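[1] build me a model from this:
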Amino acid sequence: MRAEDNVFFPLVVVTDNWLQRLLIWTPGQTDLIKTVALILMVADHTSLLFGLDNDALRLLGRGAFPLFGLVWAMNLARHPRIRQSSLNRLWVWAVVAQGGWILAGLQPYEGNILFAFAVSGQALALMQQHGPRVWPLSLGLVLVWYPFSGGSYGLAGIMMLLLACGVCMTARRTTRTGLACCLALVMLALNAGDGAAMVIAGLVIPGVILTVLSRSCLLVTRFWPREFFPLFYTVHLAVLGLIAM
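    Numbers count the residues shown, from 1 in each chain. Have a look, this model is predicted:
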């Protein structure tokens, strides 16, 4: 082993141990993280749809997507392979949620955030099922989605979801650490050009919430039913949109 490896590898081990403590949750902790993310999301959408233009609410809401992305990636990683049946349900929910998106007065030609999850999951599933030879098909799926992704963080949103899956699914320390560094950069890019919001919404808010909840609430049991998030997402958009009208 080279001398620089003797220095580098312990740093990888320390970083990876910290990641494991931060990103391994009980089912109850997972539901708590989703709950906080839902509250942040609703606060942001309320500010947007009611014309409040509140910077603090918008900033908090921007911290929700990284949390949802990490929870989603962790759920996918619990199975040896991504299940197509789960993706099929997600595609259906994305189509249904587009109705709520339109009722909320958002641009109908832009896709809601559930499409970003469906596209990312499908691209990964194709690679898992058929190997690297289908990467052009996965890339094509992402490129088809890109023109409609303006309301869902664009290409940065897709990259964040793919990298989150990589962090949660890989078993190698060095690979996981490298992907985590890339993930942190992409989380900053979610709010590129937005000054302090890049750091606060991209890293600080998710980091504080994950640090607190991953070290507490260990005895909390799962309390949200299956499919709760896509149902809540769809209904809350429709309700807020109708009230705003």
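
[2] what residues sit buried inside stretch 145-161?
    By neighbour count on 16 or more other CB atoms under 10 Å, the buried set for stretch 145-161 is 145, 148-149, 151-154, 156-161. Using the backbone N, CA and C atoms, a C-beta is placed for each residue, glycine as well.

[3] name the residues that touch it?
    65-66, 69, 72-73, 101, 106-107, 109-113, 115-117, 119-121, 142, 183, 186-187, 189-190, 192 (CB atoms under 8 Å, 6 or more residues apart in numbering).

[4] number of residues surrounding Gly63?
    In terms of burial, Gly63 registers 27 neighbours under the definition other CB atoms under 10 Å.

[5] again with Phe65
    Neighbour count for Phe65, taken as other CB under 10 Å: 27.

[6] which elements pack onto the host helix or strand of it?
    Secondary structure assigned from DSSP states H and E places Phe65 in helix 64-77. Contact analysis of helix 64-77 by 3 or more CB pairs under 8 Å, 6 or more residues apart in numbering; DSSP states H and E lists helix 27-49, helix 113-130, helix 154-169, helix 205-214 as its packing neighbours.

[7] out of those helices, which comes closest to Pro136?
    helix 113-130 (10.1 Å; CB to CB).

[8] pull out the buried residues from the closest one.
    Within helix 113-130, the residues that qualify as buried are 113-127, counting by 16+ other CB under 10 Å.

[9] now the strand or helix carrying Thr177 - C-alpha only, PDB.
    Using DSSP H and E, Thr177 falls within helix 173-189. Extracted as PDB, the C-alpha positions of helix 173-189 are listed here (Å, rounded to 0.1, in the frame of the first residue of the first chain):
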ATOM      1  CA  ARG A 173     -16.800   2.200   1.300                       C
ATOM      2  CA  THR A 174     -14.700   4.100  -1.200                       C
ATOM      3  CA  THR A 175     -17.400   4.100  -3.800                       C
ATOM      4  CA  ARG A 176     -20.100   5.200  -1.200                       C
ATOM      5  CA  THR A 177     -17.900   8.000   0.100                       C
ATOM      6  CA  GLY A 178     -17.200   9.300  -3.400                       C
ATOM      7  CA  LEU A 179     -20.800   9.200  -4.400                       C
ATOM      8  CA  ALA A 180     -21.800  11.000  -1.200                       C
ATOM      9  CA  CYS A 181     -19.400  13.800  -2.000                       C
ATOM     10  CA  CYS A 182     -20.900  14.100  -5.500                       C
ATOM     11  CA  LEU A 183     -24.400  14.000  -3.900                       C
ATOM     12  CA  ALA A 184     -23.500  16.900  -1.600                       C
ATOM     13  CA  LEU A 185     -22.400  18.900  -4.600                       C
ATOM     14  CA  VAL A 186     -25.600  18.200  -6.500                       C
ATOM     15  CA  MET A 187     -27.700  19.100  -3.500                       C
ATOM     16  CA  LEU A 188     -26.000  22.500  -3.600                       C
ATOM     17  CA  ALA A 189     -26.800  22.600  -7.300                       C
END
